[in-house]
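*Asks:* Give me the fold of what follows.
(chains A and B)
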2 protein chains.
Amino acid sequence: MTMNGTTLIGLIAALCTTASFLPPVINTLTSKKTKDISLLMYAILTTGIFFWLVYGILLKDFPLILANVISFSLSVCVLVMKLRHG
Amino acid sequence: MTMNGTTLIGLIAALCTTASFLPPVINTLTSKKTKDISLLMYAILTTGIFFWLVYGILLKDFPLILANVISFSLSVCVLVMKLRHG
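*Replies:* Numbers count the residues shown, from 1 in each chain, chains lettered A, B, ... in the order given. Next up, the predicted model:
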């Protein structure tokens, strides 16, 4: 398989996991209902997404960077909202 | 940064995102309460994790393989439970 085929698989992966991450996050951001979110778990998740992003940048891996830039941005927004609204 | 340093960052990323994924999944698997789970979203998520796993295997990337083998196994269990119990 060529590098282009591999990158395509990575982009499909990025599309699917980001797409499934979006609805609950957007729902939380629009409703501002953050009570059901565990601060500890979300902090760990956001840290993990940050490290995936750094990992992607170090490897110059486009699918990893793309997926984790979007997820990290949204995740930080939810985390800030959780810290503000409890 | 050496490859070992990069891999370490990938492993921290894998540890964090897998750790934050585990509690709700284990909670769902033990309680068998799958009503709040969207079948469509979980199917898309599981597909995405599967493609990340394939991507990791194609790139021979240990952190990607490790994180997604665990997440994929658990995700499939939740999906099967959702299909059985509704």
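
*Asks:* element containing the residue nearest to residue A:45 when sequence neighbours are not counted, please.
*Replies:* Leaving aside its chain neighbours, residue A:45 sits nearest to residue B:20 (3.7 Å; criterion: CB to CB, 6 or more residues apart in numbering or on different chains). Just so you know, the C-beta spots here come from the backbone N, C-alpha and C atoms, and that holds for glycine as well. Secondary structure assignment for residue B:20, by DSSP states H and E: helix B:3-31.

*Asks:* Alongside chain B, which residues does chain A contribute?
*Replies:* A:1, A:6, A:9-10, A:12-21, A:23-24, A:38, A:41-42, A:44-45, A:47-52, A:54-55, A:58-59, A:61, A:63 (CB under 8 Å from any CB of the partner chain).

*Asks:* what about the closest residue to residue A:62 other than its chain neighbours, distance to residue B:55?
*Replies:* In space, not counting the residues next to it along the chain, residue A:62 is nearest to residue A:7; the distance is 6.5 Å by CB to CB, 6+ apart. Plainly put, residue A:7 is 9 Å away from residue B:55 if you go by CB to CB, to the nearest Å.

*Asks:* which residues are common contacts for the two?
*Replies:* Counting by CB atoms under 8 Å, 6 or more residues apart in numbering or on different chains, the contacts common to residue A:7 and residue B:55 are residue A:63.

*Asks:* quick one: which of those two has more around it?
*Replies:* Legend: neighbour count by other CB atoms under 10 Å in any protein chain shown for residue A:7 and residue B:55, higher for residue B:55 (25 against 16).

*Asks:* Give me the angle between the helix or strand harbouring residue A:71 and helix A:3-31.
*Replies:* Element membership for residue A:71 (DSSP H and E) is helix A:62-85. Interaxial angle of helix A:62-85 relative to helix A:3-31 (axes from the mean of the first three to the mean of the last three CA atoms, to 10 degrees): 10 degrees.

*Asks:* what residue ranges in chain A are flagged as low confidence?
*Replies:* Counting by pLDDT under 70, chain A has low-confidence residues at A:1-3.

*Asks:* Name the residues of the helix holding residue B:20 that are buried.
*Replies:* Within helix B:3-31, the residues scored as buried using 16 or more other CB atoms under 10 Å in any protein chain shown are B:6-7, B:9-18, B:20-21, B:25, B:28.
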